[in-house]
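> Generate a structure from the sequence data that follows.
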Amino acid sequence: MRESKWAKRRIACGSQYHFVRSIAALVGGIGGFVRARLDKPPASGLDWLVRVGFFQFAPKFGDRAANLAKVESAISKATADLVVLPELFSTGYSFADRAELAEYAESLGPTHPGPTIAGLQNLVDRTRIAIAAGIAERDENGRLFNSAILLVPGQHGPLLTYRKIHLFGREKELFDPADRAGQTAVYRNCRIGLEVCFDHFFPELTRALVLQGAQLVCHPANLVLQYAQQTTVTRALENGIFWVLANRIGTEENSGRKITFTGRSQIIGPRGKILAAAGETEEVLKTAEFDPALSDNKEIFTGNDLLKDRRPELY
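Model (predicted):
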């Protein structure tokens, strides 16, 4: 209820609110209310709003060039501040074995980036649209991770890298387990956390990101369970945050294995409202615009706060 009233008030008084923010910026900010200016005009034209999106498509297994070209074509036409891509978007998912995975995994380092990182960073710098994406990572010690990255304009290498903590099915035979906790980073006045696919079944991870101040979770995925999308609504609702699920579509076959993905990517608000959604089989890029600060309001009823009411000493 409170979110709805606040949102309506902002729409009704948008010009006055923007004027107050501008004056406050001139005098150095008021108690952290004024955030840093953007490196280009935001997609919305209003500096407190962020436009995020997902690109849902069917990657071709093993065809990095074709997958990057498809992403470039879609994002080049988009109006957004940030677009999220599926898990392992540039390689596909169904690796025959660890040796085949190693052929496609690549370095994320800024000094010797792999072809996916290099291609995406060029796209980000050209369009000024940040990208969160799932990628097969190989570190300096030869370990292989199912990772997610956040690339932003003007920065060499990821602003944020996350290694999937909860491996699903055969992934346990292919990838090394994550060796560090998830972190957050700020882009366009929004504090962002990353998760990958099966991670969303574990509320502890999302809550840990929220306790770091996360306002938005970007969630590259290759979901195969028909009910899996429902849990992302719950994660957003129970933490009062925005969520972008970027799932893939299609059926992938490799080495005698066949797997079908369920699509239905979606953008969710902090009270569980679906702000944008895709179908089960359509290739589409969709966006939604929101104020990240709305996720800072954790009060869901008078006297009830999602974080302040926690009793971790009893859990």
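
> Could you use CA atoms for every contact and neighbour count after this?
OK.

> quick check, Leu275 in a helix?
No - secondary structure of Leu275 (DSSP: H, G, I helix; E, B strand; the rest coil): strand, not part of a helix.

> Enumerate every residue touching the nearest residue to Gly240 once chain neighbours are set aside.
Once flanking residues are discounted, Gly240 sits nearest to Pro270: 4.1 Å by C-alpha to C-alpha, 6 or more residues apart in numbering. By C-alpha atoms under 8 Å, 6 or more residues apart in numbering, the contact set of Pro270 is Ala236, Leu237, Asn239, Gly240, Ile241, Phe242, Leu294, Ser295.

> Most neighbours among those, which one?
Comparing the contacts of Pro270 by number of neighbours (other C-alpha atoms under 10 Å), Phe242 comes first, having 30 neighbours.

> Can you check the distance spanned by stretch 140-147, start to finish?
End-to-end span of stretch 140-147 (C-alpha to C-alpha, to the nearest Å): 15 Å.

> I meant stretch 269-276, not that one.
Distance between the two ends of stretch 269-276: 10 Å, counting by C-alpha to C-alpha.

> how far does it sit from the chain's center?
Its chain's C-alpha centre and that of stretch 269-276 lie 15 Å apart, by C-alpha atoms, centre = their mean, to the nearest Å.

> Following the chain onward from the one helix or strand in the chain whose mean pLDDT sits lowest, which element is next?
One helix or strand of the chain scores below all others by mean pLDDT, DSSP states H and E: helix 14-26, with a mean of 39. Scanning forward in sequence from helix 14-26 by DSSP states H and E, the next helix or strand is strand 50-56.

> What is that next one packed up against?
Packing partners of strand 50-56 (3 or more C-alpha pairs under 8 Å, 6 or more residues apart in numbering; DSSP states H and E): strand 82-84, strand 242-246, strand 266-268, strand 284-290.

> Parallel or antiparallel, list what pairs with the longest one.
For strand 284-290, sheet partners with direction are given as strand 50-56 (antiparallel), following DSSP bridges.

> what sits up against the strand it pairs with?
Contacts of strand 50-56 (C-alpha under 8 Å, 6+ apart): 42-44, 71, 74, 79-86, 188, 190, 244-249, 263, 265-267, 278, 282-292.

> mind putting the helices and strands packed on strand 50-56 in CSV, distance to Arg138 and mean pLDDT included?
Below are the helices and strands packed on strand 50-56 laid out as CSV (distance: least, C-alpha to C-alpha, whole Å; pLDDT from 0 to 100):
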stretch, distance to Arg138, mean pLDDT
strand 82-84, 21, 98
strand 242-246, 23, 98
strand 266-268, 29, 98
strand 284-290, 29, 98
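
> closest to Leu120 out of the ones you listed?
Nearest to Leu120, of all these, is strand 82-84, at 11.5 Å by C-alpha to C-alpha.

> Quick check: buried residues in the closest one?
Leu82, Val83, Val84 (16 or more other C-alpha atoms under 10 Å).
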